[in-house]
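Enquirer: Requesting a structural model of the entry that follows:
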Amino acid sequence: MSGHARDNMNSTELKPNHRILVVDDNTSIHADFRKILCTENSRKAAIRKVGAVLFDEAQPAAHQTSFELDSAYQGQEALEMVKQSLMENRPYAMAFVDVRMPPGWDGVETIARIWEVDPGLQIVVCTAYSDYSWDAMRAKVGQPDSLLVLKKPFDNIEVQQLAHALTKKWLLNHQSALQMAELARANESLAMSEERFSKAFHESPVPSGIQSLSDQRFVDVNQRLAEVAGRKRDDMIGRTPAELFLWEKPELADRWVEGLLRQEPVRDQEARIRSQAGSFHEVLVSLSPVALVGQPHLLMLAQDVAGRVLMERQLRQAQKMEAIGQLAAGVAHDFNNILTVIQGHTGLIQHNGGSQGPQAKSLEQISKAATRAATLIRQLLMFSRKQVMQFRYLDLNDTLGNAISMLERLVGEHVQIDFRPHASLPAIHADPSMLEQIAMNLAVNARDAMPNGGRVTITSALETIHRAPTPMDTEKHHGDYVCLSFSDTGTGMDTQILGRIFEPFFTTKPVGKGTGLGLSTVFGIVRQHHGFIDVESEPDHGTTFRVYFPASLHVAGKTEPVGDTTLRRGRETILVAEDEDALREMVVQVLRIQGYNVLEAASGRHALEVWERANRPVDLLVTDMVMPGGIMGSELAERLSSQSPRLKVIYTSGYSPGMAGKDVSLLEGRNFLPKPYSIGKLAHFVRECLDAPSKQN
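Expert: Numbering: from 1, shown residues only. Take a look at the predicted model:
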């Protein structure tokens, strides 16, 4: 049997082999072997059985084994027959070989040649002479375990015993070889499996460990688990999780093992791993029983879900912001209308001399309260991205320079503001009122961090940025950015507070002292401007906020401050379309005081009727964006502009653009006046719009 055929055969599939080769130059010897080893043919056996029955004789015993004999008369012929048997996958189990076989090879050389091609063949040397001593034969053939000597003349029983024993030995030898091959393959497969498991275990990105079930000690941990635990692998092996203070809640681990002993599955159990430094990592733990060296162990997988937890937290935060934004946007219209009326009439009283009378203090408090309420609504809309943005190309230094005096009044005399603008900055595409809001919020934050006074340093700079995405900012930033920096000498913040400062409604101030919207508003504005924000702070070492805006190649326009002190006058005709009666009456009153001819309408359809009845051309339309009657402000402006192309238009609204159903692109120019507004800003805006070239409207 060839080695390849034997390797592909199972040990249980190997059958007894009774093929015997007789090698002798004497034909009578071959006949003798056949008489001794070959059973009678079936016809002779049947005749003998019938005769025994007829003559009442004992029946001949049935032969249990029938050998298959082949004859070779020279050594070369025997070798070729052995080769042919192997090729046919029908090998011989044994051979009887004569020592003297002239004129060719003698028996010993024949045996040596045969064993070169079939070393498993069992051979009996038949000789009547002492041509070779046993030592000489063993030295020549080199394989004494498969060699026996049979002296001529031989005994029949001895021949049969040799044939039975050696063919059985051949079978056992080959079964043993097959079993050893199977064992070798199994060991190789086991070694490969163990190697694959070891590689998968140690190179897995999932923190993993193997523990003895009896005492919970780690017998192995992978590098990722060691990193999460903040330890070296060797420090963890041989110790229990309790000794390592690995779990935030050790009782959870005890329940997992108890469940595993009850054959209950332990899958995706939420837990937190405590590192050696004291930080925590959220993980999902799964345990599986495994056997190592016959002993029960458990395989622990602790999937790190810190990133997923952060994303879920961000999603909840975004959903909360969206819900608040929807609520704010829903009430903004009516609320801003009311605030505009309050601010307007307060301004009228102050303008008519009320600022000098006994009611001056009350008027000032009313104005401040209305301004605070308007700021709160604006912040709610801004951090939820529902605030109207009016972008333009501007110089950051100009915007900040105009706001410095306001910031100084805001922070008070006990805080010094040091403004250090960069000599030359490129333009940025931004909303100037939003930049002022950022500056106000950061200044207030710095002021509150310095209750005993201090310094706020405001700087601007141009920087080239190469910033990869972060968990808080998933966009990458590359290129030139204009940086606005606010640094204070205040109390600073620890890492725990730093991780939450941009959350809406998170505040470290006492109840009633802060809304928790200041920094979240800054964050929302910066994101809407396609920028990003960095913070550095340490307890007792102050805080630095750096806000980055993409630099633009456009030329910046000049930013002029809008004052409320002087009401600018005119004589043009203005049509005011506003469905809120109190607000419309206040606007009409302010504009008439300034000398304008004012027409008023309570809806879009009413405005069309007033337009038709007017006995003079209308120079400016001031219209609310959302009005009843089916005609919105934008449609009203389009209809009237088609009749009078030189008509100027100012849109006003307390809604966000999405709530108002207005294309945001129409609001990005200088013709949108968001509510609430003061009478000074209204008068300034109207005069500015009337004086501007028609193409701007």
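
Enquirer: Gln276: helix or strand, and which one exactly?
Expert: Assigned by DSSP states H and E, Gln276 belongs to no helix or strand.

Enquirer: Which pLDDT value belongs to it?
Expert: The score at Gln276 is 87. That number is its pLDDT.

Enquirer: Distance check, the closest residue to it other than its chain neighbours against Ala78.
Expert: In space, and not counting its chain neighbours, Gln276 is closest to Gly230: 3.9 Å by CB to CB, 6 or more residues apart in numbering. For glycine as for every other residue, the C-beta is placed from the backbone atoms N, C-alpha and C. Distance of Gly230 to Ala78, given as CB to CB, to the nearest Å: 76 Å.

Enquirer: and stretch 673-681, average pLDDT?
Expert: Stretch 673-681 shows a mean pLDDT of 85.

Enquirer: go on, stretch 347-363?
Expert: Stretch 347-363 shows a mean pLDDT of 73.

Enquirer: which residues are in contact with it?
Expert: For stretch 347-363, contacts defined as CB atoms under 8 Å, 6 or more residues apart in numbering pick out 346, 364, 367, 564, 567, 586, 589-590, 593, 678-680.

Enquirer: Among those residues, name the ones in helices.
Expert: 346, 364, 367, 586, 589-590, 593, 679-680 (DSSP state H).

Enquirer: In PyMOL, how would I select the buried members of these?
Expert: Only the buried entries of those go into this PyMOL selection, using 16 or more other CB atoms under 10 Å:
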select buried, resi 346+367+586+590+679+680
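
Enquirer: now the ones in helices among the contacts of stretch 347-363 as CSV including distance to Gln74?
Expert: Listed next are the ones in helices among the contacts of stretch 347-363 as CSV, based on distance: CB to CB, whole Å:
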residue, distance to Gln74
Thr346, 133
Glu364, 134
Ser367, 130
Met586, 133
Gln589, 138
Val590, 134
Ile593, 140
Ile679, 132
Gly680, 131
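
Enquirer: what's near enough to touch the nearest residue to Phe280 once chain neighbours are set aside?
Expert: Among residues not flanking Phe280 along the chain, Arg272 sits closest, at 4.4 Å (CB to CB, 6+ apart). Contact partners of Arg272, counting by CB under 8 Å, 6+ apart, are 247-249, 280-283.

Enquirer: and the two most separated of those?
Expert: Put simply, by CB to CB the two of those set farthest apart are Lys249 and His281, 13.7 Å from each other.

Enquirer: and the gap between the closest residue to Glu248 other than its chain neighbours and Glu282?
Expert: Sequence neighbours aside, Arg272 is the residue nearest to Glu248 in space, at 4.1 Å (criterion: CB to CB, 6+ apart). Counting by CB to CB, the separation of Arg272 from Glu282 is 6 Å.

Enquirer: before we move on, what about Pro469?
Expert: Taking CB to CB, one finds Pro469 at 21 Å from Glu282.

Enquirer: What of Lys249?
Expert: Taking CB to CB, one finds Lys249 at 13 Å from Glu282.

Enquirer: Settle it for me: which of the two has more neighbours?
Expert: For Lys249 versus Glu282, the count of surrounding residues by other CB atoms under 10 Å is larger for Glu282: 18 against 11.

Enquirer: Now for the residue lying closest to the more buried one once chain neighbours are set aside, how many residues are close by?
Expert: The shortest distance from Glu282 to any non-neighbouring residue, by CB to CB, 6+ apart, is to Val309 (4.7 Å). For Val309, the neighbour count with other CB under 10 Å is 15.

Enquirer: host element of Val309?
Expert: Per DSSP H and E: helix 306-351 holds Val309.

Enquirer: Does Ser621 touch Glu638 like I think?
Expert: You called it Ser, but residue 621 is Leu. No - with contacts counted by CB atoms under 8 Å, Leu621 stays clear of Glu638, the gap being 10.7 Å.

Enquirer: what about these two, which has more around it?
Expert: Applying other CB under 10 Å to Leu621 and Glu638 shows that Leu621 carries more neighbours, namely 26 against 11.

Enquirer: Look at that one and tell me its secondary structure.
Expert: What DSSP: H, G, I helix; E, B strand; the rest coil gives for Leu621 is strand.

Enquirer: beta partners for it?
Expert: Beta-bridge partners recorded for Leu621 (DSSP bridges): Leu575, Val649.

Enquirer: Mind pulling up the pLDDT for it?
Expert: Listed pLDDT for Leu621 reads 95.

Enquirer: so what's Ile114 up against?
Expert: Contacts for Ile114 (CB under 8 Å, 6+ apart) come out as 78-79, 82, 95, 121, 123.

Enquirer: quick one: which helix or strand includes it?
Expert: Taking DSSP H and E as the criterion, Ile114 maps to helix 107-117.

Enquirer: Can you show me the CA trace of that helix as PDB?
Expert: Extracted C-alpha coordinates of helix 107-117, given in PDB (Å, rounded to 0.1, in the frame of the first residue of the first chain):
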ATOM      1  CA  GLY A 107      18.000 -13.800  -1.000                       C
ATOM      2  CA  VAL A 108      19.700 -11.300   1.300                       C
ATOM      3  CA  GLU A 109      20.300  -8.800  -1.600                       C
ATOM      4  CA  THR A 110      16.700  -9.400  -2.800                       C
ATOM      5  CA  ILE A 111      15.400  -8.600   0.700                       C
ATOM      6  CA  ALA A 112      17.500  -5.400   0.900                       C
ATOM      7  CA  ARG A 113      16.200  -4.300  -2.500                       C
ATOM      8  CA  ILE A 114      12.500  -5.100  -1.700                       C
ATOM      9  CA  TRP A 115      12.700  -3.200   1.600                       C
ATOM     10  CA  GLU A 116      13.900  -0.100  -0.200                       C
ATOM     11  CA  VAL A 117      10.500   0.100  -1.900                       C
END
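
Enquirer: For the following helix or strand past that helix, enumerate its sheet partners and note whether each is parallel or antiparallel.
Expert: Later in the chain than helix 107-117, the nearest helix or strand by DSSP H and E is strand 122-127. Using DSSP bridges, strand 122-127 pairs in its sheet with strand 94-98 (parallel), strand 147-151 (parallel).

Enquirer: most packed of the ones you listed?
Expert: strand 94-98 (a mean of 25; mean count of other CB atoms under 10 Å).

Enquirer: Centre of the chain to it, how far?
Expert: 74 Å (CA atoms, centre = their mean, to the nearest Å).

Enquirer: And stretch 139-151, by the same measure?
Expert: Its chain's C-alpha centre and that of stretch 139-151 lie 72 Å apart, by CA atoms, centre = their mean.

Enquirer: Mind splitting the chain into its structural domains?
Expert: Listed by automatic domain parsing, the domain ranges of the chain are 3-180, 204-304, 396-552, 573-696.

Enquirer: mind putting the ones you listed in CSV, distance to Gln319 included?
Expert: Formatted as CSV, those follow (distance: least, CB to CB, whole Å):
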stretch, distance to Gln319
domain 3-180, 64
domain 204-304, 20
domain 396-552, 12
domain 573-696, 17
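
Enquirer: so which of those gets nearest Val341?
Expert: That would be, of the domains of the chain and by CB to CB, domain 573-696, which comes in at 4.8 Å.

Enquirer: From the chain's centroid, how far away is the closest one?
Expert: On CA atoms, centre = their mean, the centre of domain 573-696 falls 51 Å from that of its chain.
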